[in-house]
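Peer 1: need the 3D shape of this:
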Amino acid sequence: MSDLEERVGEAFELGEQLTVIGPKLQPGQPAPAFTLDSLDSPDGALAAVSLADSQGAIRLLNVINSIDTPVCQVESRKWDQQLPDLGPGVTVYTISMDLPFALARWRAAEGVAHQLLSSHRDDRFGRDYGVLIKEWRLLQRAVFVIDREDRIAYAEYVADQMLEPDYAAAAAAIQAL
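Peer 2: Next comes the predicted model:
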């Protein structure tokens, strides 16, 4: 499969059918490497955060359209509230194409503990994970669980962008690891 594969109609919001670019990842496949921006440092400098930075941990990638939308805010808060229940050795990242400044501002205002990462510079993350919405240049709502060996253990692509993901299914995938 080409990373430029277009999946028409696999995402929608209200009456708008959306085109998603990239392959649909399946459990067992290697998790694509990524390096994204974070603005969590005390000095306010941008920092690069990569998948390799959390090597050996179980990772949950909470992929959202934009932190400035209500559903994305609810979803990001819920994952943060579930952090203690996910167990030790689990790293949660919320990822969007929002600017790192907007993500840092929201994170500070909400008192959220997990990192919010920005793929604003390059749409490579969206294409590699099969979540780039062509019409919006935003990311499709999705959840990925990546095991300690950097393989996809769970993948949920949420078709209706107004709905939240299946939190229990992703948590169960983590517990199974």
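
Peer 1: okay, and the beta partners of the residue nearest to residue 157 when sequence neighbours are not counted?
Peer 2: Excluding its sequence neighbours, the residue lying closest to residue 157 (Cβ to Cβ, 6 or more residues apart in numbering) is residue 142, at 5.0 Å. Where C-beta positions appear, they are placed from N, C-alpha and C, glycine not excepted. Counting by DSSP bridges, residue 142 forms beta bridges with residue 63, residue 157.

Peer 1: state the distance from residue 142 to residue 130.
Peer 2: Using Cβ to Cβ, to the nearest Å, one gets 8 Å for the distance from residue 142 to residue 130.

Peer 1: overlap in contacts, these two.
Peer 2: Contact criterion Cβ atoms under 8 Å, 6 or more residues apart in numbering; residues shared by residue 142 and residue 130: residue 157.

Peer 1: need the pLDDT of the residue nearest to residue 157.
Peer 2: pLDDT, residue 142: 98.

Peer 1: low-confidence ranges in the protein?
Peer 2: 1-3, 41-42 (pLDDT under 70).

Peer 1: quick one, helices of it?
Peer 2: Along the chain, counting by DSSP state H, helices occupy 70-86, 100-110, 124-128, 167-176.

Peer 1: what about the residue nearest to residue 157, how many neighbours?
Peer 2: For residue 142, the neighbour count with other Cβ atoms under 10 Å is 22.

Peer 1: please identify which of the helices of the chain is closest to residue 39.
Peer 2: Of all those, helix 100-110 sits nearest to residue 39, with 3.9 Å by Cβ to Cβ.

Peer 1: angle of that closest one against helix 70-86?
Peer 2: With axes from the mean of the first three to the mean of the last three Cα atoms, to 10 degrees applied, the angle from helix 100-110 to helix 70-86 works out at 60 degrees.

Peer 1: ok, and what's touching helix 100-110?
Peer 2: With Cβ under 8 Å, 6+ apart as the contact definition, helix 100-110 has outside contacts at 37-40, 46, 67-68, 73, 76-77, 80, 94, 96, 112, 116-118, 120.
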